[in-house]
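Colleague: Have a look at this fold, sequence not included:
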């Protein structure tokens, strides 16, 4: 059947724009703000941008925006939310063209990560008229906001991270009513202390305190607003209302999922039943046995030193409780991180002991990571991770290695040869990897042109998975690339381009590819021992946008992933029902309920600010005190005020568990007032 022109436009709607050599980027950087603007190649003849033709369901999604309502779009990944956003932003500026003496239109497009700034800017740039001035602001530490203010004043659409706008608003360099529209990409983040909600809190305060205020139109885009880990439909409804109230929503715009056109272009993948694999037995895991032994010896060395020097305070004993947790678990990881962070509070006068505790804690943390990796990856990858850490310890300590450092390193060196041997033994292969290998071979045998994404929890797992694929002869048909948040935006874009252009057919990444980043559509989505929230699950599933795609979870039975995944599926059902129920409420009723929530939130914020002001400064006036220290305990904070001839003050914030830690450093530096 021949393609119509409209079909061709529809098929091209979501293709990525690469730019190639047709455009050059012009960067100017002043005092922490990088303003990035594009100039056309001089040889290129300017052409007026033509808007993409919207599908019928997209026109319906955009309708509330165009009528001027504060609106949240909640629609599947791949349904074209950004295309809709381009459309209603264009329409927003038409009002300015049609009317005289109207406030100049100014649109802020907000994202939650730096990598998305350029992506969304470039997508808009393609479809905006040449007369439209677009700019992107990149940089998180703004020393001088004049550049940002100028960029806002001299452009029509500004793309930046939410935190940059928070900084500008808090310094009064910009005001909420400087803009006529705020677009929140991935707006489900608008809760708690997220920068999105900080911005909207300023908006809501202005709205409630000044009915005559001229406020910007609010637009939210997301695939799922989430449920806040709701355990019931009622809790999900409450959470949905809180998100709608935070974004001051007048309308909730959702697609009709039974619409034929929508179903034609949005292809949710088939969910494959979770594949759960039993881990190696301890008898078949000599790596685990040796690493656990090393960790136990490190714990013993640290404990004996503390007892020998008589410094085992109640607080330090509490910190040592992490050693009771099972090694190779998240519980142990959290405990050892707490130990490393807070041991300095309880060891204040013995530098050599403190160094042993912190260095030993760091060794334990790395060994624990290696055990977690060993559960889901090859022994040789877990071993490579430890060897890299030991090599770094030996080569980068600027003050040299003391005897304690050498002893900790020797614990590994004495077992390195044995660990190297077992890492190459076939009988110790990981059954989880063996099962995954069979699944990959089966899928690519069925469809040799398949493209896949593998989601992993940590960067070290990404590295291990990438190495396993590259070094596995049975998987030689795969062309892997890896991607993570630690990579530069340029490197990320290069990887995604390779994936799109078939130089890569399997992408291994962390949650950086779960949200926001424009990843080309693929056939297979694998969550490899990977678990996220209900929102993350929806976004990961949305990466499988090609027809007949599949959504897998492959995990070790050692983790409770199957049950947690089922909980996330149920939460998504809660969310869907909440959104549909609330979207059908009479507008006056919804507005009244959201206003009540906004009023309560503002009252709580004002009370919190008042308490904060009351506890910020403690002024002590009067005569010289004979005591060395005056101690005040306020909400788990220790305020130490040293009194001498002049008033001396010092505030130290200490985290406490059940009671105030009795750890006071008496050699404090003071200043004369």
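Modeller: That came in fine, so what should we check first? Everything numeric in this text was worked out from a predicted model, so none of it was measured.
Colleague: all contacts plus neighbour counts: C-alpha atoms, from now on.
Modeller: Noted.
Colleague: quick one, what contacts residue 295?
Modeller: 364, 367 (CA atoms under 8 Å, 6 or more residues apart in numbering).
Colleague: typo on my end, residue 269
Modeller: Contacts of residue 269 (CA under 8 Å, 6+ apart): 541-542, 544-551.
Colleague: ok, of those residues, which one's closest to residue 215?
Modeller: The closest of those to residue 215 turns out to be residue 542 (CA to CA; 33.8 Å).
Colleague: From residue 513, how far out is the closest one?
Modeller: Per CA to CA, to the nearest Å, residue 542 is found 11 Å from residue 513.
Colleague: same check, this time on residue 288
Modeller: 31 Å.
Colleague: now residue 59
Modeller: 28 Å.
Colleague: quick one, which of these two is more surrounded?
Modeller: Comparing residue 59 with residue 513 by other CA atoms under 10 Å, the one with more neighbours is residue 513, at 23 against 15.
Colleague: How is the residue lying closest to the more buried one once chain neighbours are set aside assigned, secondary-structure-wise?
Modeller: Leaving out its chain neighbours, the residue that sits closest to residue 513 by CA to CA, 6 or more residues apart in numbering is residue 519, at 7.0 Å. When classified by DSSP: H, G, I helix; E, B strand; the rest coil, residue 519 comes out as coil.
Colleague: Residue 115 - nearest residue in space that isn't next to it in sequence?
Modeller: Using CA to CA, 6+ apart and skipping the chain neighbours, the partner closest in space to residue 115 is residue 489 (5.9 Å).
Colleague: Count the neighbours of that neighbour for me.
Modeller: Residue 489: 16 surrounding residues under other CA under 10 Å.
Colleague: what's the answer for residue 217, then?
Modeller: 19.
Colleague: quick one: low-confidence parts of the stretch 301-450 of the chain?
Modeller: Counting by pLDDT under 70, the stretch 301-450 of the chain contains low-confidence ranges at 398.
Colleague: The same query, at a cut-off of 90, please.
Modeller: Applying pLDDT under 90 to the stretch 301-450 of the chain picks out residues 307-315, 346-349, 395-400, 426.
Colleague: got the residue ranges for the helices in it?
Modeller: Counting by DSSP state H, counting those that start in this stretch, the stretch 301-450 of the chain has helices at residues 314-319, 330-346, 351-376, 379-396, 403-423, 431-446.
Colleague: picking up where we left off before, does the residue nearest to residue 115 touch residue 116 like I think?
Modeller: No. Judged on CA atoms under 8 Å, residue 489 makes no contact with residue 116 at a distance of 9.1 Å.
Colleague: List the buried residues for stretch 445-454?
Modeller: Going by neighbour count (16 or more other CA atoms under 10 Å), the buried part of stretch 445-454 is 450-454.
Colleague: Those into a markdown table, with extra columns for distance to residue 377?
Modeller: Shown next, in a markdown table, are the buried residues of stretch 445-454 (distance: CA to CA, whole Å):
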| residue | distance to residue 377 |
| --- | --- |
| 450 | 24 |
| 451 | 22 |
| 452 | 19 |
| 453 | 17 |
| 454 | 14 |
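Colleague: Of those, which belong to strands?
Modeller: Within the buried residues of stretch 445-454, residues falling in strands by DSSP state E are 452-454.
Colleague: Please tell me how far the nearest residue to residue 591 once chain neighbours are set aside sits from residue 584.
Modeller: Distances taken as CA to CA, 6+ apart place residue 250 nearest to residue 591, at 6.9 Å, with adjacent residues excluded. Relative to residue 584, residue 250 is positioned 12 Å away (CA to CA).
Colleague: What of residue 591?
Modeller: Going from residue 591 to residue 584 by CA to CA gives 12 Å.
Colleague: Who has more neighbours out of these two?
Modeller: Taking neighbours as other CA under 10 Å, residue 591 and residue 584 compare with residue 591 leading, 17 against 11.
Colleague: Make sure residue 226 is actually in contact with residue 537.
Modeller: No. The pair residue 226 and residue 537 does not pass the contact test of CA under 8 Å, sitting 10.2 Å apart.
Colleague: Among those two, which residue is more densely surrounded?
Modeller: Ranked by neighbour count (other CA under 10 Å), residue 226 and residue 537 place residue 226 first, with 25 against 19.
Colleague: ok, now which ones touch the closest residue to that one other than its chain neighbours?
Modeller: Leaving aside its sequence neighbours, residue 226 sits nearest to residue 535 (CA to CA, 6+ apart; 5.3 Å). Neighbour list for residue 535: 223-226, 572 [criterion: CA under 8 Å, 6+ apart].
Colleague: wait, which of those residues is closest to residue 414?
Modeller: Nearest member of the contacts of residue 535 to residue 414, counting by CA to CA, is residue 226, at 49.8 Å.
Colleague: and that closest one, that's in a helix?
Modeller: No. Assessed with three-state DSSP, residue 226 is coil; it does not lie in a helix.
Colleague: From residue 449, how far off is it?
Modeller: Taking CA to CA, one finds residue 226 at 34 Å from residue 449.
Colleague: Ok, residue 391 next?
Modeller: Relative to residue 449, and taking CA to CA, residue 391 is found at 41 Å.
Colleague: Give me the nearest residue to residue 241, chain neighbours excluded.
Modeller: residue 594 (6.7 Å).
Colleague: How far does the helix or strand encompassing that neighbour sit from its chain's centre?
Modeller: Element membership of residue 594, judged by DSSP states H and E, is helix 587-616. How far helix 587-616 lies from its chain's middle: 27 Å, per CA atoms, centre = their mean, to the nearest Å.
Colleague: With stretch 431-447 instead?
Modeller: 30 Å.
Colleague: Can you list the buried residues in it?
Modeller: Neighbour-count burial for stretch 431-447, counted by 16+ other CA under 10 Å, picks out 431-433, 436-437, 440-441, 444.
Colleague: For residue 349, grab phi and psi.
Modeller: Torsion angles at residue 349 (phi, psi; degrees, to the nearest 10) stand at phi -130, psi 20.
Colleague: That one - how many residues pack around it?
Modeller: For residue 349, the neighbour count with other CA under 10 Å is 13.
Colleague: Please identify which of the buried residues of stretch 445-454 is nearest to residue 53.
Modeller: residue 451 (28.0 Å).
Colleague: which residues sit in contact with that closest one?
Modeller: Residues in contact with residue 451 (CA under 8 Å, 6+ apart) are 499, 505-506, 522-524.
Colleague: ditto for residue 311
Modeller: If you count contacts by CA under 8 Å, 6+ apart, residue 311 has them with residue 347.
Colleague: cool, and residue 91?
Modeller: residue 66.
Colleague: Give the helix, strand or coil label for it.
Modeller: Here residue 91 is helix, with the state taken from three-state DSSP.
Colleague: try residue 73
Modeller: strand.
Colleague: Please report the number of neighbouring residues for it.
Modeller: Residue 73 has 26 neighbouring residues, counting by other CA under 10 Å.
Colleague: Next: residue 302.
Modeller: 20.
Colleague: The nearest residue to it once chain neighbours are set aside: what's it in contact with?
Modeller: Nearest residue to residue 302 in three dimensions, chain neighbours excluded: residue 357, at 6.2 Å (CA to CA, 6+ apart). Taking CA under 8 Å, 6+ apart, we find residue 357 in contact with 302, 340, 343.
Colleague: Go again with 10 Å.
Modeller: 298-299, 301-303, 305-306, 339-340, 343-344, 347, 351, 363, 404 (CA atoms under 10 Å, 6 or more residues apart in numbering).
Colleague: now residue 110
Modeller: Contact analysis of residue 110 by CA under 10 Å, 6+ apart lists 116-117, 120, 158-165, 182-187, 196, 220.
Colleague: Quick one: classify it as helix, strand or coil.
Modeller: Under three-state DSSP, residue 110 comes out as strand.
Colleague: Bridged to it, which residues?
Modeller: Taking DSSP bridges as the rule, residue 110 bridges to residue 160, residue 184.
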